[in-house]
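Asker: Next one to model:
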Amino acid sequence: MTKASDKFILKNSNGLLVSFIARGGQITSVFVPDRNGHFADVIIGYKTVEEALAGDAYLGAICGRYANRIHAGKLTIDGIEYQLDVNNGPNHLHGGVDGFNLRVWDVAPFKSDKYAQAYQLSLVSPDGDQKYPGKLEVKIVYGLTENDELRIDYTASTSKTT
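Answerer: Alright, predicted model coming up:
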């Protein structure tokens, strides 16, 4: 079972390094070389896992079910109005009070020829979670290529229109 503070590191043969934690899939560092070959962290964020867990949970994290604001937390799908949780004044922001940025994602190594190294993050959001319709199963792959690309690939399936 993955814990919020579990830290994962992606690295390729060029020395690029990306780290993230299980809580929110929050990317905590991306080390890339400058023109002289010196590596530096280019992510705005926190120096330690403890600081990341105590700090702004949106910084570098997966937002969801919806990224951005929904005015007054009201959403209409197939003619049905849903009143979502509000957490930004009168608005629903980034999935509400208990968005995906605060969830502990299941994380496992992911093998693919297109990545030097990759992890798959998985989460199940039940029907009614954050007052959204439909059970939502989300899988996200964080993959680092030998061409120094960080790829983030999302897939999701749901039991209802959401």
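
Asker: any idea where the strands of the protein begin and end?
Answerer: Listed in chain order, the strands found in the chain under DSSP state E are 7-11, 17-21, 27-33, 39-41, 69-70, 74-77, 80-83, 92-93, 106-109, 117-125, 136-144, 150-158.

Asker: the bottom helix or strand of this structure by mean pLDDT?
Answerer: The weakest-scoring helix or strand in the chain, judged by mean pLDDT, DSSP states H and E, is helix 49-54 (a mean of 93).

Asker: Now do that helix: everything it contacts.
Answerer: Residues outside helix 49-54 that contact it (C-beta atoms under 8 Å, 6 or more residues apart in numbering): Ala4, Ser5, Lys7, Ile21, Arg23, Gln26, Thr28, Gly45, Tyr46, Leu59, Gly60. Glycine gets a C-beta too; all of them are placed from N, C-alpha and C.

Asker: Hmm, Thr145 and Arg151 touching each other?
Answerer: Yes - applying C-beta atoms under 8 Å, one finds Arg151 in contact with Thr145, separated by 6.6 Å.

Asker: Okay then, goodbye and thanks.
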